[in-house]
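J.: give the three-dimensional model of this entry:
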Amino acid sequence: MINFKGGFQKIFSHIPIAEKMLFAKHLSIMIKSGMPLLDSLWLLKKQARSKSFQRIMGQMVVDIDNGQFLSASLDKFRAIFGEFFISIIRVGEASGTLAENLNYLHQEIRKSYELRKKIKSAMIYPIIILIATAGIGSILIFFVFPKIMPIFSSLKIDLPLPTRMLIFIITVLTNYTLYIAIAAVLSVVFFIFIFQIRTVRFYYHDLLLSMPFVGRVTQNINMTSFSRTLASLLKSGIKIVDAVLITADTMPNLVYQRELRAIAEHIKAGEAISTYLAKRSRFFPPIFYQMIQVGENTGHLDENLLYLAEFYEAEVDEVFKNLSTTLEPLLLLLMGIIVGFVALAIITPIYGITKNLNIK
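T.: Numbering: from 1, shown residues only. As a prediction, the model looks like this:
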């Protein structure tokens with residue numbers, strides 16, 4: 001199934017996660033200080049940097065002025081704020097702890113934001129190396145080699161294999177540039193469209209979990225999200241079945257979304273969470289369901305979930321800290337192979353020509 005409505009709402013009303021984090025924090029402080037909710041929203045609307053957020057908060061002001069709850073107004077922008085954000089606010093409104101819940105929401109969003117920053121920071125170095133490799137290769141292929149190629153064509157000599165391969169690549173790129181560009185654009189559009197189909201994304205996410213290194217990292221990220229979100233919802237007083245279903249909607253991996261919905265059904269049938277997790281060891285490591293089992297038996301499930309969230313977040317942090325060190329030699333080797341191939345294709349025939357002239 002393709003969800004165009006939610007997708008378009010996310011694209012055309014994108015709100016940076018940092019701005020949502022500050023919104024929760026500032027609104028919590030204002031309400032705690034005794035400022036009415038409507039006045040707080042008016043003030044925050046004026047301070048908002050994003051035009052999209054200003055429009056959304058303008059709608060919030062109208063809704064609150066008409067007597068609606070804040071959670072009901074946010075529910076109109078579910079694709080942007082998410083079920084977790086809305087549910088925490090809804091519980092705060094029902095229990096009279098809106099300021100406390102907003103502050104708690106800010107803390108949870110901040111932790112998620114910091115995790116994303118760590119992942120992005122770890123990917124900067126590999127991307128720079130790949131761009132540098134592509135840049136050096138492009139300069140050699142499109143600027144250096146074309147000036148030398150006419151010399152090779154005018155000489156009646158047998159060119160080495162690397163040179164012939166490079167000539168073929170340049171010829172194809174030169175003669176079919178328009179077709180290659182169109183094919184590249186259509187490929188990007190195709191993949192964007194195909195990934196809107198939930199079934200395709202599901203099998204892609206399942207494939208990620210099956211890959212040696214990527215699978216472990218993906219699992220740890222989802223374990224962190226699962227533990228922290230469920231712990232937050234349980235601490236807020238949400239019933240466990242509802243909390244699991246809300247957590248399912250926040251999971252970045254569709255395979256884990258399916259698993260959490262299955263967990264909710266088993267809880268309804270009177271089964272413990274750990275019992276189901278123990279049967280799904282491919283997705284849930286032994287330490288994960290064992291800690292949850294201890295939490296269920298002792299009545300401290302939320303505390304054990306927070307421990308698991310910190311444990312898996314530390315695992316993810318450690319992996320991405322070492323990622324640059326691990327990838328650096330591989331990327332440098334890749335750069336050396338590409339540049340070496342191009343250099344070999346250029347130098348080898350020149351050396352052959354010089355050798356023949358010396359013999360004569």
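J.: please make it C-alpha for all contacts and neighbour counts, starting now.
T.: Noted.
J.: tell me which element residue 117 is part of?
T.: Element membership for residue 117 (DSSP states H and E) is helix 98-139.
J.: which strands or helices does that helix pack on?
T.: Contact partners of helix 98-139 among helices and strands, from 3 or more CA pairs under 8 Å, 6 or more residues apart in numbering; DSSP states H and E: helix 17-32, helix 78-95, helix 301-359.
J.: redo those helices as a markdown table? Include mean neighbour count, mean pLDDT and distance to residue 266.
T.: Formatted as a markdown table, these follow (neighbours: other CA atoms under 10 Å; pLDDT from 0 to 100; distance: least, CA to CA, whole Å):
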| stretch | mean neighbour count | mean pLDDT | distance to residue 266 |
| --- | --- | --- | --- |
| helix 17-32 | 18 | 88 | 33 |
| helix 78-95 | 19 | 83 | 21 |
| helix 301-359 | 16 | 77 | 17 |
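J.: would a markdown table of these with distance to residue 201 be doable?
T.: Formatted as a markdown table, the helices and strands packed on helix 98-139 follow (distance: least, CA to CA, whole Å):
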| stretch | distance to residue 201 |
| --- | --- |
| helix 17-32 | 23 |
| helix 78-95 | 18 |
| helix 301-359 | 23 |
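J.: residue 233: which of these is closest?
T.: helix 78-95 (7.0 Å; CA to CA).
J.: chain center to that closest one: distance?
T.: Centroid separation between helix 78-95 and its chain, computed with CA atoms, centre = their mean, to the nearest Å, is 22 Å.
J.: same deal with stretch 49-63?
T.: Centroid displacement of stretch 49-63 relative to its chain, using CA atoms, centre = their mean, is 26 Å.
J.: so which bits of it are buried?
T.: For stretch 49-63, the neighbour count (16 or more other CA atoms under 10 Å) marks 53-54, 56-58, 60-61, 63 as buried.
J.: out of those, who's nearest residue 329?
T.: So of the buried residues of stretch 49-63, ranked by how close each gets to residue 329 (CA to CA), first place is residue 53, at 43.5 Å.
J.: how many other residues sit next to residue 299?
T.: 11 (other CA atoms under 10 Å).
J.: so who does residue 260 touch?
T.: Residue 260 makes contact with 244-245, 247-248 under the criterion CA atoms under 8 Å, 6 or more residues apart in numbering.
J.: let's see 7 Å
T.: 244-245, 248 (CA atoms under 7 Å, 6 or more residues apart in numbering).
J.: those residues into TSV, with extra columns for secondary structure and distance to residue 99?
T.: Below are those laid out as TSV (DSSP: H, G, I helix; E, B strand; the rest coil; distance: CA to CA, whole Å):
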residue	secondary structure	distance to residue 99
244	helix	24
245	helix	24
248	helix	26
